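1. This is a predicted model, with the sequence first.
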Protein chains: 2
Amino acid sequence: MAVKKPSIHDIAKAAGVGVGTVSRVLNERPNVAEATRVKVESVMEQLGYRPTFAARHIRTGRSQLFGFLTDQVTTTPFAHDLIKGAQARARQADRMLMVIDADGDDRVREQAVANLIERGVEGIVYAAMFHHEVHVPKALHEVPTVLVDCFTLKRDFASVVPDEVRGGREATERLLEEGHRRIAMVTNDALSTGYPAAMGRLEGYKEALAEAGVPFDEALVREGSGNADSGYRWAHDLLDADDPPTAYFFGTDRMAMGAYFAFTEVGLTVPGDVSVVGFDDQHYIADALRPALTTMALPHAAMGRWAIDHLLTAPWGEDRPPPQRRLPCPIVERGSVGRVPASDAGEEP
Amino acid sequence: MAVKKPSIHDIAKAAGVGVGTVSRVLNERPNVAEATRVKVESVMEQLGYRPTFAARHIRTGRSQLFGFLTDQVTTTPFAHDLIKGAQARARQADRMLMVIDADGDDRVREQAVANLIERGVEGIVYAAMFHHEVHVPKALHEVPTVLVDCFTLKRDFASVVPDEVRGGREATERLLEEGHRRIAMVTNDALSTGYPAAMGRLEGYKEALAEAGVPFDEALVREGSGNADSGYRWAHDLLDADDPPTAYFFGTDRMAMGAYFAFTEVGLTVPGDVSVVGFDDQHYIADALRPALTTMALPHAAMGRWAIDHLLTAPWGEDRPPPQRRLPCPIVERGSVGRVPASDAGEEP
DNA sequence: CTGAAAGCGCTTACAG
DNA sequence: CTGAAAGCGCTTACAG
């Protein structure tokens, strides 16, 4: 580190050629004699030459860079999948990712966007850690942007979110498929929050029931809070009913986990006695449960990938309304769903 | 986006000054008349001027950038804390972080390091997702580097890792403190792997016992695999003994979680009948358990912070051996540790 | 306090 | 196929 890094001029001089030629071999351009190419390459090798990206950037105007801004309040296990998905797609296109965690601070957020723009990013993905409406820094309008797991009320940015309704529907269908008719649903949040994740999953549940001709029974629905404790309590509550459910659909894996403890306490076995489907696919929980939990996966990697892909391929600056994309939440089959117990299957055809 | 972004020249012309003056106000340098400053600033405002960072970088030689390379095989919930810690420290110093997930691919890793160097990073943090020995790309020697949660056999890079031994010791001490004497330990991996996390935590357990004058009893130790299933099985196994333990120290929270199910099955209550301490502080598990799990926190954020801090402040290029730092794993008290049951406390003073 | 000029390390036409 | 020159958007002495 003591000696100055060699520049293209040093290479040119040492190789006895002009800088243009060095640039040509560097960029693998045609019209370079094989002999000169070899010569130049060997000199670069010897001198340990590394191109300076900033110079290239300034000349070509291409930063090969995307910004990734996360808007989050608390550490979640999801951030990484999102980043991984985005980065995988970016790498295919030879781009890098500048990741910033604004951690819920508006000032930091504004500053971050400004910094990213000054760095010349080709686009910014603004990712929330759960599906909700957001207010974003105005400067985001200066640069191609896609919102991930969130959206603005005005829908003035491209956005990609999980298809909560469809996820809820498919979770419920999976249970119906096994003959269950008394299926409880514990929402992942109070409905009053208006969060799409809570509303949507419940709506999907209702849709599936309706389609299967199973009457909706309000007595089987509980408003949960998302955490394990809530699942534990509501499971006990539902268990206390005269005619307890044979299947449970929880809006989060954590609630399903709490419910497992409740089932164990009363001597019920999953999936022999009761079937369970979760939501989120937090695999450190879903895999750890006994039996492992069947759950709906939040498409974090896919959303990250979609976001970068959109930045890469969408025509910017046009007037058409930005796409509001919903990605499916695939079911991850593990071991918590089984056939409805024979004694409860009376109403089957 | 249709019009070209204004440069410092455009500002200079519009403000009727030279570019040097614009640069001076941009950098808040002294020796600018108040009137000119105001004038220039208003022009910048009007034209929506943003400095081009790449130009600044190329002139000053400062990239204000660190690389963050993760070497990981599988998604872990820890990556984010590491990144957050690193980024928090970087922001204080007005630096940004370029995050790359090499995902276990050597080619990608090499390429990533090359890219980062070309981007002019001031340093690279190379982070593993669990404490082990690594082989790193040679190019890392070209730039200040610190290894996080890993180390090289040659110890030729600065490194920061969790103090596994001390963590194991303090976990055990916590249990001894409550009068427990028959304390089981389930390691988080086969000892044959040689992983510091498995060896170290067990060693700490032994140290604590020795210091307390409690004879080490091999019958109380099991080699676990880290996952919930393993915890479940070994808990049952230990429970079957003639004189079962009153306390359990698990090398991972996931194993503790499995054990909770075993305890529930046999009607044992935590912490009334048995006490439990975990390791990792995976809070989505630790918080979700009933009662919440007392556990040793892996210092991910602290390691991330330390790494950037070291890059920022250490004198580089000197010959002294790079520091090999161990950071403590603080205990996180939740609700799983209680007094030894009276009937088991016979041997107390 | 301020402007004109040089230069950071590249790429890109333009001649030859 | 190749070299010399201009220029990307800044900062930094250097005169005034």
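-> Looks like it came in fine.
2. Quick one: low-confidence residue ranges for the stretch 51-200 of chain A.
-> Within the stretch 51-200 of chain A, the segments meeting pLDDT under 70 span A:73-76.
3. how does it look with 90?
-> Applying pLDDT under 90 to the stretch 51-200 of chain A flags residues A:70-81, A:83-84, A:99, A:101-106, A:108, A:129-130.
4. how many other residues sit next to the residue of the stretch 101-250 of chain A found nearest chain B?
-> Nearest residue of the stretch 101-250 of chain A to chain B (Cβ to the nearest Cβ) works out as residue A:228 at 3.5 Å. Every residue, glycine included, has its C-beta placed from N, CA and C. By the criterion of other Cβ atoms under 10 Å in any protein chain shown, residue A:228 has 26 neighbours.
5. just residue A:34 next, same as before
-> Counted with other Cβ under 10 Å, the neighbours of residue A:34 add up to 7.
6. now swap in residue A:324 and tell me
-> A count of neighbours around residue A:324, defined by other Cβ under 10 Å, yields 13.
7. element containing the nearest residue to it once chain neighbours are set aside?
-> Computed as Cβ to Cβ, 6 or more residues apart in numbering or on different chains, the closest residue to residue A:324 that is not its neighbour in sequence is residue A:159, at 5.0 Å. Taking DSSP states H and E as the criterion, the element that holds residue A:159 is strand A:158-162.
8. Tell me the strands beside that strand, with direction?
-> With DSSP bridges as the test, strand A:158-162 is paired with strand A:145-151 (parallel), strand A:324-327 (parallel).
9. and that strand, how far from the chain's centre?
-> Strand A:158-162 sits 10 Å away from the centroid of its parent chain (Cα atoms, centre = their mean, to the nearest Å).
10. Which residues does it contact?
-> Residues from elsewhere that reach strand A:158-162, judged by Cβ atoms under 8 Å, 6 or more residues apart in numbering or on different chains: A:131, A:145-152, A:196-197, A:298-299, A:303, A:306-307, A:310, A:314, A:322-329.
11. Show the contacting residues for residue A:204.
-> By Cβ under 8 Å, 6+ apart, the residues touching residue A:204 are A:164, A:165, A:166, A:167, A:168, A:169, A:170, A:171, A:172.
12. er, residue A:113 actually
-> By Cβ under 8 Å, 6+ apart, residue A:113 lies in contact with A:67, A:69, A:124, A:137, A:139, A:140.
13. Kindly recompute the last result at 7 Å.
-> Contacts for residue A:113 were tallied using Cβ atoms under 7 Å, 6 or more residues apart in numbering or on different chains; they are A:69, A:124, A:137, A:139, A:140.
14. The third one touches residue A:111, doesn't it?
-> Yep, that's residue A:137 we're talking about. No: Residue A:137 is beyond contact range of residue A:111, at 9.0 Å (criterion: Cβ atoms under 7 Å).
15. where do the helices sit along the stretch 1-150 of chain A?
-> Taking DSSP state H, counting those that start in this stretch as the test, the helices found in the stretch 1-150 of chain A are A:8-15, A:19-26, A:34-47, A:53-60, A:79-92, A:106-118.
16. thinking again about what came up before, now the strands paired with strand A:158-162 in TSV, with distance to DNA strand C?
-> Formatted as TSV, those follow (distance: least, Cβ to the nearest atom of the strand, whole Å):
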stretch	distance to DNA strand C
strand A:145-151	26
strand A:324-327	33
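17. Which among the ones you listed is found nearest to residue A:272?
-> Proximity to residue A:272 (Cβ to Cβ) singles out strand A:324-327 among the strands paired with strand A:158-162, at 33.8 Å.
18. Quick one: name whatever helix or strand follows the closest one.
-> Following strand A:324-327 toward the C-terminus (DSSP H and E): strand A:331-332.
19. roughly how far out does that next one sit from the chain middle?
-> Strand A:331-332 has its C-alpha centroid displaced from the chain centroid by 15 Å (Cα atoms, centre = their mean).
20. Equivalent analysis for stretch A:307-327, please.
-> Centroid displacement of stretch A:307-327 relative to its chain, using Cα atoms, centre = their mean, is 17 Å.
21. Would you mind listing what in chain A touches DNA strand C?
-> For chain A, the contact set with DNA strand C under Cβ under 7 Å from any atom of the strand comprises A:4-5, A:7-9, A:19-20, A:22-24, A:26-27, A:49-52, A:55-56, A:58-60.
22. what about 6 Å?
-> Chain A comes close to DNA strand C at residues A:7-8, A:19-20, A:23, A:26-27, A:51-52, A:55-56, A:58-60, as judged by Cβ under 6 Å from any atom of the strand.
23. That'll do, ta.
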